[in-house]
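Enquirer: mind looking at a prediction? Sequence and model below.
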Amino acid sequence: MKNIDSAGHVTGRSIYLDDIPVQQGTLYALPYDAPTAHAHITKLDVSKAAAAPGVVRVLTYKDVTGENQIGGIIPDEPLFAEHEIHFWGMPVALIIATSEDAAVQARKLITIELEELPVITDPREARAKGELIIPPRSFKLGDTAKAWSNCAHVFEGRADNNGQEHLYIETQGAYAYPTEHDSIRIASSTQGPTAVQRTIARVLGIPMHRVEVDVTRLGGGFGGKEDQASAWAALVALAAFLLKKPVKLAMHRMDDMRMTGKRHPYSSDYKIGFDKDLKIVAYEATFHQNAGASADLSPAVMERTLFHATNSYAIPNVHVTAYCCRTNLPPNTAFRGFGGPQGMFVIESALAHAAEKLGISTSELQRRNLMAEGSEFSYGQIADHVNAQACWDLAYAKFDLKKLQADVDGFNAKSTTHKKGMAMMPICFGISFTNTPMNHARALVHVYQDGSVGVSTGGVEMGQGLNTKMVQVAAQVFSIDPSRVKIETTNTTRVANTSPSAASATADLNGKALENGCNAILARIKEKASRMLRSSPDAITIVNEQVLNNGQPTELDWKKLVHAAHWDRVNLSESGHYATPEIHFDKSKEKGHPFAYHVYGTAAVLVTVDCVRGTYEIDAVKLVHDFGKRMNDAVDIGQIEGGLVQGLGWMTMEEIVYNDKGKLLSNALSTYKVPDIHSVPKEITIEALPTDGHPLAIRRSKAVGEPPLMYGIGVYFAIQNAIKAFRPDARMVFDAPFTPEKVLMSLYA
Amino acid sequence: MTRFILNDTLVESTATPGTVVLDIVRYHQQLKGTKIGCREGDCGACTVLVGELTAEGVEYKSMTSCLLALANVEGKHIVTVEGLNMEKLSPVQQAMVDESGTQCGFCTPGFVVSLSGCCMTREKVTEDLAVRAIDGNICRCTGYKSIERAATSLAAQLAAKDVQDPIGWSVQNGFLPSYFAGITDRLQAMKTDVTRSNNEQPSTSNGIPLSGGTDLYVQKHDTMHHAPVRSIFNDEALKGIRIEGDQCIIGGAATAADLMNSAELKELLPQLEKHLLLVSSTSIRNMGTLAGNFVNASPIGDLTAMFIALDSTITLTTSDTPGMTRSLANESRSIKLKELYQGYKQLDKSATELLTAVRFTVPSKNTRFHFEKVSKRTYLDIASVNSAIRLDIDGDSIREAHVSAGGVAPVPKYLANTSTFLAGKPISNDTVRAAIEVMNEEVAPISDARGTADYKRLLLRQLFFAHFMELFPERFTLNELVA
C-alpha cells in the first residue's frame, strides 16, 4: 500500500502550518534573539521597535503570565532571556506586528547592551570547569579494571563527531487563536503535541485543558520538533493570550538554524582490549556530550549513547561513562538516532583503530565479536531474537562481499588517481523510549453509522508513513477496505497525554493502542451479529467486509452490520490504550530491560576517493535489514533509504561550524550542505532478513525510523579505507564528518 | 502594474516590482502548493516554471520563485503545482506516487514542478536530463533513490515526446492540462496589447538594476521587495552570444543556462557544459546572469574564474535610463575582467555603470581550456577553491597562459605571475611543479567556513595538477606530479 498522503503531496494540496488559511486580524510574531553567546544584559531597549509602523506590541519576559520556563526534563531554560544570555540565538523579545515584514523591519530597531561573559563551546572544557547539566552516568558490566590484564591487545584513542542540523524543509512554526473561556487553540509543527500543550499551560499559567493543540502534519521533523517546537508555540500562544488576536509565526530559515539546537557533537575517549583470538574482552568509553546551554532532551540522549555504546557486539566487560556538558551553544536536542549514532561511532572507531594496529581488516574484527542469542547488554538486558549474525551472514552471501573486496583490491592495485574503500556497518538499535513511563499511547476510534471509520492517535505524521500504517492497522483488524478509514489530525482534545512521535516507537505504540480500540469495537459488533444470526460471537468473523458465521457467508456485510449495531444502541466508539509490557529500568542500578526488542542489520559500503581532489563518491550501499514481518514495503524501504542518506550526510558533507564566540557560521543552506540527488550512493540495495518479526512490534513489523541512519556511519570508515589504499601511513583520525577537506589533508598533509 | 499569466489566470499585480513571485503566489493568490524552504534558492521547494514567448513558441524554464522578482515576469506564464493539476494525477505526479518519491511531502511540489518541465522542453528527455531537472531540489526524507526511480520512469514515458511541439504533445497525451495549448496566443496578445502605456511598466528608471536576482535577493532579502528596481533581465539587447571575427561576445544578462545551451560556445569550448553543471543548479542557472556573477565580486564566483582565465574583456556602460543599450558606443568603456576587482567586494565600476557585455578571443585548435572546482558538495555548492586555465600551446610548449583561482584571495584572482611564468615553458612536470612555487607566492587564502588556509593552498595545488592531468592525460600522472 502506497503512502496515503502522497496524492495530496504531489498535487500541493497537503496542508502544512503555513498553509492554514489565516483568520482575519491575524498578527505575525518574530523573535528577537541574542546577538552573543554569553552575557549579562545591562540594557534592552524595545521602544523604537514598539513604535515602528505595524507593530502592535513587543513582549519580553516581563509579559509572561505564568512561568518563564520551558525546560522539559530540567527547568533550566527560560523562554525569554531575563538578565543573562546563554547562547547566540536565545529569544530575548517577541515582536508582534500586523505583517511579517513590519516585524522584520522593527526587529532591526531593538538595541541591547551587554556585559560579555566567557564563552564555552567545547564539551571537554565545560567538564573541566564543572559545567555539567546532570551528574555523569555510567553503565557497567563485568569488571574492566580486572579485565585489562587478560587482554593480549589494548588500544586507546579519541573519537569526535560533529552535530547535525535537522534541516526539516518546513521550518518551525505555530499559529495560535484565542478561544472562549480564555483558552487557546494552536496549530503547531510539533512532534510532541502534549509537550506543546504542557509548555503553553506553564508559560501562560493556565491548566492544560485550556490549551488545544492540533497537528495536521510536519514537513519533516527528525527529532528537531520533538522538544524544540514548544518554544515557538509558547511564544505565539502568549501573544494570542495577551492580545486576544490570532498570532502566527512561521520561522525564516536562518532564524531557525540560528535559534534551534541540533544533533549533539560528542568528544569521546575509548579503550578496547582483545584476547589472542581477537575477541573483545573489555571496552571503556568516556563520552563528552555537547549539550548546549540547557538540558532540553540532552540527559535522555546521553542515556541512549550509553545504551548503544557497544553497538552490535558481545563484550563481557564494559564500563562506559557519559558527561552532559553545558556549553554556550543553542540547546542540542533529539535527532534521529538520539545519541545512539554517537555511541556507535566511537566503538566503530575503536575497532578500526585496533584493526589497523593488528594488521587485519576491521570487518574481521567486527565479525568475530557480533552478539549472539543470550548476550548480555551492559544495562542488564539479555538479548533475545538476536539477528546480528544472521544479517551479517546473509549480507556476505547475498552480495558476495568477498568478491567485492577482491574487486576493490584489484581496482586499487591498478588506479593511481582513484582508490576504493569498503567498510561494514552492523547495527543493533533498541526500540522503546528509554524512559519507561513514556511507553504508552491511546487511539480514538469512531465507526460511523455508514461504516466509515475515523481514527485519531497520539502519533504525528511527519513523512514516516504513520498515517498509512494506522490505516492498515484499522483496516486489517476490521477486515475492511482501507478507503473506509480516515486518519484525523493529531489533537490533544481527542487523544490526551501523549508521548512525542519519537524513538521509532510511534507506529508500535499508537498502532497497538489502535488495535486495542478496534478490537473492542469489533467484539461489540460481532456480539450484535451473533444475536442477529442466532450464533455465538466466537463463530462470527469478518473477512473482506463480509460477515461470516462459522466461516459461511451470511446476508450481513460490514455496512449492514454497523448500521444495525448503531440502531441497537451499540457503542461504536472506543479509546484504545496500550502500554508496552515487559519493559523496566532501574536508574539507581543502571540495570533493567528497557527495550521491547532490538532491530539488527548489516550494511556494506563502497566508496571511491578521488585522490587528486580529495572528493569522493559513494558507489554502493548494500544492506540486510531486520524488518521483522514488514507491513508496508514502500514505507519501510523509504525509511531505510532516507535514514541511510541522512546518516551518511552527517558523516560526510554536513558540517556545523560555530566560531569560538559561539556564533553559527554554517547558518544557511548556502553554507550547510545536505545530500543532493547527485551525492547519494549510486546504488542502494536493501535485502530483508526473513524472520517472523517480533510480537511487540505492530503487526510483527519492526520499528524502522531510526536504525537505518546508523548504516551511514560505515561511509566514514569506507573513506578511511580508501585513503589508506592511497597512503598506507595516513594517520587514523576519527573526527566526523569526513569532509573533502579532511580527506585531502589525510591524503597529503 | 505587472501582468502575467499564473497557471490559467491572468494576474494584474499592483505589488511593488521588487516583490518576489513566491510571496505573490502564496500570499496574494493563495496558492499554497509552492512552499518556502530557505528563501535563498538553495532548496527548490518554491520552484515554478516560467514560460517566455519566443519565436518557436513558449519556452519554459524552472526558477526558484523566492529569488524571482515580479518585475522579471512581466508578460510571462508562471506555472505552479496547481497549474499542473488535472482531474487525475499527471504522469509526473503518478510516477512520484508509484515510486514513493514523497514522504513528508514538503519538497514534493517543487520536484513535481521541476520534473514537469521535462514535458515542455524541445529536447529528448533522457534519464540524465530528468535528474538534471531536479538538481536544485533538496529532499531531506527520501534519500532520493525513489525520486530517481520516478525520474527514470518519466524519461521512459516521455520517450515518444514530439520535440517540435512538446506542449501540444504533452497536452494531447495527458501530461499537461489543456489550457497550456492556448498560452502562446494569450502571451502574444498581452505583448501586442496597445492599451498598456509605458508608465505601467513595472520597472523604474532610477531603480536598482536587477537581472536574475539570485545574489541580490540573498544578500538584501529584507529590503529588496520595497526597493525601486529596474529590471534588465529581459532586455534582449543585453542577451545573446555571438561571434564577430575572432571575438566571442556575450551579453551581460545572458544566464548560465544560456551559456550552457549555446551552440556557439559548445563549438568553441566543448567542455564548458560539463563545467557549468558544477555551477549552482538548473533553476538558478536559468536566472543567474554572467554580469551578476561578475559584479557581485564574490572571490569564488565560478563564472568569474572561467572568464578571467579566458582573458575576457568587459564592457561597462554608463546610463541610468532604460533602453540605454541603444547608445552603447558613446558611453562605454572596456577593461579586462581581471582588472575589475580592486579589493574585497571593491570594483572598478561606478554605481551608474552596467556590465553590458563580455568578450574573449575565440580559442584556436591550439587552445586548451579547463575548469576545476571543489566544494563540500559537488553540485549546488559554493567552491572552497576553484580554478580555470587557458593555455595556447605550440607543440610541446606553452605559448600563452592565463590562470585564475577563486577562494585564495579577497578577489577572484588572476594568477598573473603564474601565467607569465608558464608562457614559453615546456609542458612538463618540472614546469608544473615550478609554477606551483610561483603560485604559492601570489595567493593568500584565509580560514573560513569553506576550509582552512592550509587546505585551500593544498587544494589549489591539486587543482592545478588536475588542469594538466585533464588537458594532457598522456603526459602527466599524479605520482610524478606529487613526487
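Expert: Good, I have the coordinates.
Enquirer: which pLDDT value goes with the residue most central in space within chain B?
Expert: Closest to where the C-alpha atoms of chain B average out (CA atoms, centre = their mean) is residue B:285, at 2.2 Å. Looking at residue B:285, its pLDDT is 98.
Enquirer: thinking it is in contact with residue B:256, fair?
Expert: Yes: the pair residue B:285 / residue B:256 is scored as a contact, 3.9 Å apart, by CB atoms under 8 Å. For glycine as for every other residue, the C-beta is placed from the backbone atoms N, C-alpha and C.
Enquirer: residues touching the residue nearest to the centre of chain B, list them.
Expert: Neighbouring residues of residue B:285 by CB atoms under 8 Å, 6 or more residues apart in numbering or on different chains: B:255-257, B:260, B:276, B:279.
Enquirer: what about residue B:58, which SS state?
Expert: strand (DSSP: H, G, I helix; E, B strand; the rest coil).
Enquirer: look up how far residue B:80 lies from the residue nearest to the centre of chain B.
Expert: 20 Å (CB to CB, to the nearest Å).
Enquirer: any idea how many residues pack against whatever residue of chain B ends up closest to chain A?
Expert: Chain A sits closest to residue B:33 of chain B, with a gap of 2.1 Å, by CB to the nearest CB. Other residues within reach of residue B:33, judged by other CB atoms under 10 Å in any protein chain shown, total 24.
Enquirer: so it sits against residue A:12, correct?
Expert: Yes: Residue B:33 lies in contact with residue A:12 (CB under 8 Å); the separation is 2.1 Å.
Enquirer: let me see the contact set for residue 155.
Expert: Here I'm looking at chain A. With contacts defined as CB under 8 Å, 6+ apart, residue A:155 is in contact with A:271-273, A:350, A:353-354, A:357.
Enquirer: ah, I was thinking of chain B
Expert: Counted by CB under 8 Å, 6+ apart, residue B:155 has contacts B:118, B:125-127, B:129-130.
Enquirer: widest-spaced pair of these?
Expert: Greatest spacing in these, by CB to CB: B:118 and B:127 (10.7 Å).
Enquirer: of the two, which one has the most company?
Expert: Using other CB under 10 Å as the criterion, residue B:118 and residue B:127 rank with residue B:118 on top: 27 against 14.
Enquirer: the more buried one reaches residue B:154, doesn't it?
Expert: Yes: counting by CB under 8 Å, residue B:118 touches residue B:154, with 6.4 Å between them.
Enquirer: any common contacting residues for these two?
Expert: B:92, B:125, B:130.
Enquirer: filter those down to the ones near chain A?
Expert: Applying CB under 8 Å from any CB of the partner chain to the shared contacts of residue B:118 and residue B:154, one finds that residue B:92 fall near chain A.
Enquirer: re earlier: among the contacts of residue B:285, which are in reach of chain A?
Expert: The subset of those within reach of chain A, by CB under 8 Å from any CB, is empty.
Enquirer: helices and strands around the longest helix along chain A, which ones?
Expert: When chain A is parsed with DSSP state H, its longest helix is helix A:506-532. Counting contacts by 3 or more CB pairs under 8 Å, 6 or more residues apart in numbering or on different chains; DSSP states H and E, helix A:506-532 is packed against strand A:440-447, strand A:453-457, helix A:466-478, strand A:540-543, strand A:552-557, helix A:558-567, strand A:573-579.
Enquirer: okay, the angle between the fifth one and helix A:558-567?
Expert: The reference is to strand A:552-557. Relative orientation of strand A:552-557 versus helix A:558-567 (axes from the mean of the first three to the mean of the last three CA atoms, to 10 degrees): 60 degrees.
Enquirer: which regions of the stretch 601-749 of chain A sit below the pLDDT cut-off?
Expert: The model of the stretch 601-749 of chain A has no residue with pLDDT under 70.
Enquirer: which residues of it fall in strands?
Expert: Secondary structure of the stretch 601-749 of chain A by DSSP state E, counting those that start in this stretch: the strands cover A:615-625, A:683-688, A:735-736.
Enquirer: output the contacts of residue B:285 as a markdown table; include the columns neighbour count, pLDDT and secondary structure.
Expert: Formatted as a markdown table, these follow (neighbours: other CB atoms under 10 Å in any protein chain shown; pLDDT from 0 to 100; DSSP: H, G, I helix; E, B strand; the rest coil):
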| residue | neighbour count | pLDDT | secondary structure |
| --- | --- | --- | --- |
| B:255 | 24 | 98 | strand |
| B:256 | 26 | 97 | helix |
| B:257 | 20 | 97 | helix |
| B:260 | 19 | 96 | helix |
| B:276 | 21 | 97 | helix |
| B:279 | 24 | 95 | coil |
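Enquirer: redo these as CSV? Include distance to residue B:481.
Expert: Shown next, in CSV, are the contacts of residue B:285 (distance: CB to CB, whole Å):
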residue, distance to residue B:481
B:255, 36
B:256, 31
B:257, 35
B:260, 31
B:276, 27
B:279, 27
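Enquirer: picking that back up, now the longest helix of chain A and strand A:552-557, what's the angle there?
Expert: Using the same axes, to 10 degrees: helix A:506-532 against strand A:552-557 is 100 degrees.
Enquirer: check which residues of helix A:506-532 are buried.
Expert: Neighbour counts over helix A:506-532 (16 or more other CB atoms under 10 Å in any protein chain shown) mark A:506-518, A:520-522, A:524-526, A:528-530, A:532 as buried.
Enquirer: also stretch A:486-500?
Expert: Of the residues in stretch A:486-500, A:486-492, A:494-496, A:498-500 count as buried by neighbour count, 16+ other CB under 10 Å.
Enquirer: now, among these, which is nearest to residue A:20?
Expert: residue A:489 (11.0 Å).
Enquirer: the closest one: what's it in contact with?
Expert: By CB under 8 Å, 6+ apart, residue A:489 lies in contact with A:214-216, A:456.
Enquirer: now swap in residue A:84 and tell me
Expert: A:39-41, A:117.
Enquirer: skipping adjacent residues, who's closest to residue A:645 in space?
Expert: residue B:143 (3.3 Å; CB to CB, 6 or more residues apart in numbering or on different chains).
Enquirer: if we can go back for a sec, distance to chain B and mean neighbour count added to the strands of the stretch 601-749 of chain A, as TSV?
Expert: Formatted as TSV, these follow (distance: least, CB to the nearest CB, whole Å; neighbours: other CB atoms under 10 Å in any protein chain shown):
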stretch	distance to chain B	mean neighbour count
strand A:615-625	6	24
strand A:683-688	5	18
strand A:735-736	14	21
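Enquirer: redo these as TSV? Include distance to residue B:441.
Expert: Output for the strands of the stretch 601-749 of chain A, formatted as TSV (distance: least, CB to CB, whole Å):
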stretch	distance to residue B:441
strand A:615-625	27
strand A:683-688	45
strand A:735-736	32
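Enquirer: of those, which is nearest residue A:587?
Expert: Evaluated over the strands of the stretch 601-749 of chain A, closeness to residue A:587 peaks at strand A:735-736, with 29.6 Å, by CB to CB.
Enquirer: what's the spacing between the closest one and its chain's center?
Expert: With CA atoms, centre = their mean, to the nearest Å as the basis, strand A:735-736 stands 21 Å off its chain's centre.
Enquirer: same question for stretch A:244-255.
Expert: Centre-to-centre, stretch A:244-255 and its host chain are 24 Å apart (CA atoms, centre = their mean).
Enquirer: can I get it in PDB, CA atoms only?
Expert: The C-alpha trace of stretch A:244-255 is given here as PDB (Å, rounded to 0.1, in the frame of the first residue of the first chain):
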ATOM      1  CA  LYS A 244      -6.800  38.300  22.100                       C
ATOM      2  CA  LYS A 245      -5.900  38.000  18.500                       C
ATOM      3  CA  PRO A 246      -4.700  35.100  16.300                       C
ATOM      4  CA  VAL A 247      -0.900  35.200  16.200                       C
ATOM      5  CA  LYS A 248       1.300  33.300  13.800                       C
ATOM      6  CA  LEU A 249       5.000  32.500  13.400                       C
ATOM      7  CA  ALA A 250       6.500  30.500  10.500                       C
ATOM      8  CA  MET A 251      10.200  30.900  11.000                       C
ATOM      9  CA  HIS A 252      12.600  32.200   8.500                       C
ATOM     10  CA  ARG A 253      15.200  29.500   7.700                       C
ATOM     11  CA  MET A 254      18.200  31.500   9.000                       C
ATOM     12  CA  ASP A 255      16.300  32.300  12.300                       C
END
